[in-house]
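1. Sequence plus predicted model, see below.
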Amino acid sequence: MFGEQQRFMVLLIAPAALLLGLFQVVPIVIGANASFRDWALYNPKKTWVGLDHYKAVITDPAFLEVVLPNTFIFMIMSVAGALALGLGLALLLNRPFRGQKIVQTVLMVPLMVAPVIAAIMMRWMFNDQFGIVNAVLEGLGLEGQPWLVERWSAFGIIVLTDVWLWTPWFTLLLLAGLQSLPKEPFEAAAIDGTSAWRVFSHLTLPMLQPVIVVCVVIRAIDAFRTFDIVWTLTGGGPGRSTELFSLYAYVLAFLNLDLGRGSAAAIVGGLIILVVGIGLYRLVDRVTKT
Amino acid sequence: MKMRRRTLAAVAAAASLLVGGGANAQAVKELRIGYQPSPIQDASIAMFETWGAKKGIKIVKVPNSYGVYVEKMTASLTSNSDQYDVIWHNDDWGQLWAHLLESTDDIPGLQFAEKWGMDKIVFGNAQGQNTVVPMGQTFSVFFYRNDLVQPNEVPKTLADVVTMSKKLQAANKAKWGYVGAMSMNNSWFSWFWSMWGNNCDVLMPFYERDNKKLAAAGWKSGLDQPCMKETAEYWWDAINTHKISPRGMPAYDRNEANAIFMSGDAAFTVADSLWWGTFNDPAKSKVVGKVSAARFPLGPNRQKNFAWDDIWGWAIPKSISPERKALAKEMLAAMMVDEEGQMKLWKATGAPPPNTQFWDKIAAQDPFMKLLKEAVLESPDKVRGAYYFPQWPAVHKAFNDAVTKAVTGKREDIAKVLAEGAPLVSKAAQP
């Protein structure tokens, strides 16, 4: 049935497929099974409850009115912020200057910081009593703010932390994209005396678009499942005002210890991101073709 | 082929010997402790290590983060893993894990433990057996700065806290009057004590912990009661009107609140008594020797003092082997009578140790213990810090979400926000 070449190929794929099956597919299947059952973590009766957990999740006002809007707002703000900053930094780093390599290395530091550590650091920076941010504000004669008590300031800090963590990733990929662009169009524009803005908007951006779109798609899907920085910074609070989808599922499964309901929430979220992902991939496809 | 089978069988036998034999050998050589690093647990484990050194048993410490302790340990217990031989146990999870833990009734030395904290309503399993061995008493007290407030000036009521705080702030003696944690899983250090002190509670009937009675009352929440509105309004006013507490307080966890108190910026706080040692540690605190404790100030609805008294403890998972269970019990029995270790635990933390026989001796030497004995340990009016049914974490979260929303919103919306939160608390409590 298989020739030697096919067998060799199967052999090469097998370890990755096995790992993927064990650590991705099997847990998803177990989770999906739990989502249809009465599966409390402390006392798993595992009796069949059908779609009860799904109904409870999709009719939960907190999920519909707080969690989903928060998740999409976070996704858009975080991706847009990191993209804008990353693109700006990539453009700066694309020009030769003294110490460029050092600056480039320093800018990559956030990529090496664990999100939890970054979140703890930010929490203390924005602490209303000891934080550096309020110290600077008060030094300037302004009033310090209770950053984590107001919904939108707390949300802003979450986005800021995420943008700080992910900007280097955008920078790195966009810089690679910039350096792979053909030089001729830029040389022609220089000969024509085209302004820097027109070069950017009519040459750089359109030529870089495929790279940008791929970065946005990957990062947007990843942002949808952000958990660690939100849990560490606000725990979803004050109240539930900064709760994102991943926290919602986590609280159900591991704080309330209701693995069945938590799994249902996770699968609902998975389906949502699947739809969003398909839409984004179609966008990539369209951009690549044009 | 036969040869190959034989080889495979030999390898399998050798592997099973290695794994099984290894596990058995380990059973007599080491005990694994699942815990959360904290002064009281560290001091208690030091007693295990002393015992282990004498017996030739290695004590393997496996630290776990507080933030994920319950879920991680619950998963470990329900999966029948033998990852831990002894685990940190807490009244909050007394009923959550009761069916997964070994009975501790046969451990010698438990007759010296305090009865209130060991009550079967908290730690008893369906067979009426106990499932915990106390590590020490862990309850909060009202701490005040004795260099700023004389004993006769210590606030007796919540209104006194405001008056005294404003006086100290006006005199530039303290930046803040009161600071205490309020965020989720830190509700005890502002919300709960002030609520209990105002004749109020999370569920109704107030102060009731018998699940049958709570169920008979329909798991009704106390959130929409006038006493809770008063409590929320008190904190709203303390933060926004009187400005005796920081505006960031609704988001504080215990570490942030303790940091402000230890930096010398606040006159009053509520924290677990076991922080006494840290408050008086010159390496960590600027208020060393300037801290005293008192009874909780009371709200307008309550005249009689009350005390909150709970224990932290150790438990043994049912799933481990009989040899390990026996050894774990031997270690816990030794801990219960280790006078030297318990004295060290007291000195390091300020938590009354598990053996009540040592309490009088400590009180004779240390006025702080004398105060704890009078105000808490021997108080006739005690409150339990949690509820003892598996849905308690969900109830606690729903409660904290509602009161946080109330205190961070508009004052005129407090009653509405609490009324909206009440059915969510009741719903979370439904079995």
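-> Yep, that arrived. Numbers count the residues shown, from 1 in each chain, chains lettered A, B, ... in the order given.

2. Would you map the strands across the stretch 101-250 of chain A?
-> Under the criterion DSSP state E, counting those that start in this stretch, the stretch 101-250 of chain A carries no strands.

3. should've said the stretch 151-300 of chain B
-> Using DSSP E, counting those that start in this stretch, strands in the stretch 151-300 of chain B cover B:176-179, B:266-272, B:291-294.

4. Quick one: mean pLDDT over the longest one.
-> Spelled out, it's strand B:266-272. Mean per-residue pLDDT for strand B:266-272: 96.

5. Figure out how far that strand is from the centre of its chain.
-> 16 Å (Cα atoms, centre = their mean, to the nearest Å).

6. quick one: that strand near chain A?
-> No: judged by Cβ under 8 Å from any Cβ of the partner chain, strand B:266-272 stays clear of chain A, getting no closer than 9.5 Å. In short, each C-beta sits where N, CA and C put it, glycine included.

7. Output the contacting helices and strands for that strand.
-> Counting by 3 or more Cβ pairs under 8 Å, 6 or more residues apart in numbering or on different chains; DSSP states H and E, the packing neighbours recorded for strand B:266-272 are strand B:140-145, helix B:158-170, strand B:176-179, helix B:254-262.

8. Can you tell me the strand partners of that strand and which way each runs?
-> If you go by DSSP bridges, strand B:266-272 pairs up with strand B:140-145 (antiparallel), strand B:176-179 (parallel).

9. Point to the residue nearest the middle of the chain.
-> I went with chain A, as the question did not name one. In chain A, the centroid-proximal residue (Cα atoms, centre = their mean) is A:Ala223; its distance is 2.1 Å.

10. look at chain B instead
-> In chain B, the centroid-proximal residue (Cα atoms, centre = their mean) is B:Thr138; its distance is 5.6 Å.

11. is it possible to export the strands paired with strand B:266-272 to a markdown table including mean neighbour count and mean pLDDT?
-> As requested, the strands paired with strand B:266-272 are exported to a markdown table (neighbours: other Cβ atoms under 10 Å in any protein chain shown; pLDDT from 0 to 100):
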| stretch | mean neighbour count | mean pLDDT |
| --- | --- | --- |
| strand B:140-145 | 24 | 95 |
| strand B:176-179 | 27 | 98 |
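
12. closest one to B:Ser44 among the ones you listed?
-> Comparison of the strands paired with strand B:266-272 against B:Ser44 by Cβ to Cβ identifies strand B:140-145 as nearest, at 19.1 Å.

13. Can I get that closest one in PDB? Just the C-alpha atoms.
-> Only the C-alpha atoms of strand B:140-145 are listed here, as PDB (Å, rounded to 0.1, in the frame of the first residue of the first chain):
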ATOM      1  CA  SER B 140      -7.700  37.700  61.900                       C
ATOM      2  CA  VAL B 141      -7.500  40.400  64.600                       C
ATOM      3  CA  PHE B 142      -7.800  44.200  64.500                       C
ATOM      4  CA  PHE B 143      -4.200  45.500  64.600                       C
ATOM      5  CA  TYR B 144      -3.500  49.100  65.600                       C
ATOM      6  CA  ARG B 145      -0.400  51.300  66.000                       C
END
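
14. What are the buried residues along the helix or strand hosting B:Lys54?
-> If you go by DSSP states H and E, B:Lys54 is part of helix B:39-55. Of all the residues in helix B:39-55, those buried under the rule 16 or more other Cβ atoms under 10 Å in any protein chain shown are B:39-52.

15. Closest to A:Ile218 out of these?
-> Of the buried residues of helix B:39-55, the one sitting nearest to A:Ile218 (Cβ to Cβ) turns out to be B:Gln41, at 42.4 Å.

16. what's the pLDDT at the closest one?
-> Per-residue pLDDT puts B:Gln41 at 95.

17. mind listing what it touches?
-> By Cβ atoms under 8 Å, 6 or more residues apart in numbering or on different chains, the contact set of B:Gln41 is B:35, B:88, B:135, B:312.

18. what's the host helix or strand of the third one packed up against?
-> When you say that, I think you mean B:Met135. Element membership for B:Met135, per DSSP H and E: strand B:133-137. Strand B:133-137 makes packing contacts with helix B:39-55, strand B:311-315, helix B:322-336 when contacts are defined by 3+ Cβ pairs under 8 Å, 6+ apart.

19. Make JSON lines from the ones you listed and add distance to B:Ser165 to it.
-> Listed next are the helices and strands packed on strand B:133-137 as JSON lines, based on distance: least, Cβ to Cβ, whole Å:
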{"stretch": "helix B:39-55", "distance to B:Ser165": "28"}
{"stretch": "strand B:311-315", "distance to B:Ser165": "31"}
{"stretch": "helix B:322-336", "distance to B:Ser165": "42"}
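
20. out of those, which comes closest to B:Val417?
-> strand B:311-315 (33.1 Å).

21. Off-centre distance for that closest one?
-> Relative to the chain's own centre, strand B:311-315 is displaced by 10 Å; criterion: Cα atoms, centre = their mean.

22. Enumerate every residue touching the nearest residue to B:Ala386 once chain neighbours are set aside.
-> Spatial nearest neighbour of B:Ala386, excluding adjacent residues (Cβ to Cβ, 6 or more residues apart in numbering or on different chains): B:Asp92 at 4.3 Å. By Cβ under 8 Å, 6+ apart, the contact list for B:Asp92 reads B:70, B:385-386, B:392-393.

23. So what does B:Asp92 look like in phi/psi?
-> phi -60, psi -30 (degrees, to the nearest 10).

24. Sketch out the low-pLDDT regions of the stretch 1-150 of chain A for me.
-> A:1 (pLDDT under 70).

25. what does it have sitting close to chain B?
-> So the stretch 1-150 of chain A meets chain B at A:40-44, A:127-130, A:145-150 (Cβ under 8 Å from any Cβ).

26. For stretch A:168-182, list every residue counted as buried.
-> Quick answer for stretch A:168-182 (16+ other Cβ under 10 Å): A:168-175, A:177-178.

27. Just the closest of those residues to B:Asn400, please.
-> Nearest to B:Asn400 among the buried residues of stretch A:168-182: A:Trp169, at 35.1 Å, using Cβ to Cβ.

28. and the closest one, what does it touch?
-> A:82, A:86, A:111, A:215, A:219.

29. Go ahead and confirm the fourth one touches A:Leu173.
-> Yes: counting by Cβ atoms under 8 Å, A:Leu173 is a contact partner of A:Cys215 at 5.3 Å.

30. which neighbours do these two share?
-> Common neighbours of A:Cys215 and A:Leu173 (criterion: Cβ under 8 Å, 6+ apart): A:Gly86.

31. Quick one: name the residues of chain B near chain A.
-> Within chain B, the positions near chain A by Cβ under 8 Å from any Cβ are B:67-68, B:70-71, B:74-75, B:78, B:96-97, B:99-100, B:183-184, B:246-251, B:256, B:259-260, B:263, B:265, B:390-391, B:393-394, B:397, B:401-402, B:404-405, B:408, B:428.

32. There's contact between B:Met73 and B:Val62 in this structure, I believe.
-> No: in this structure, B:Met73 is not within contact of B:Val62 by Cβ under 8 Å, at 10.6 Å.
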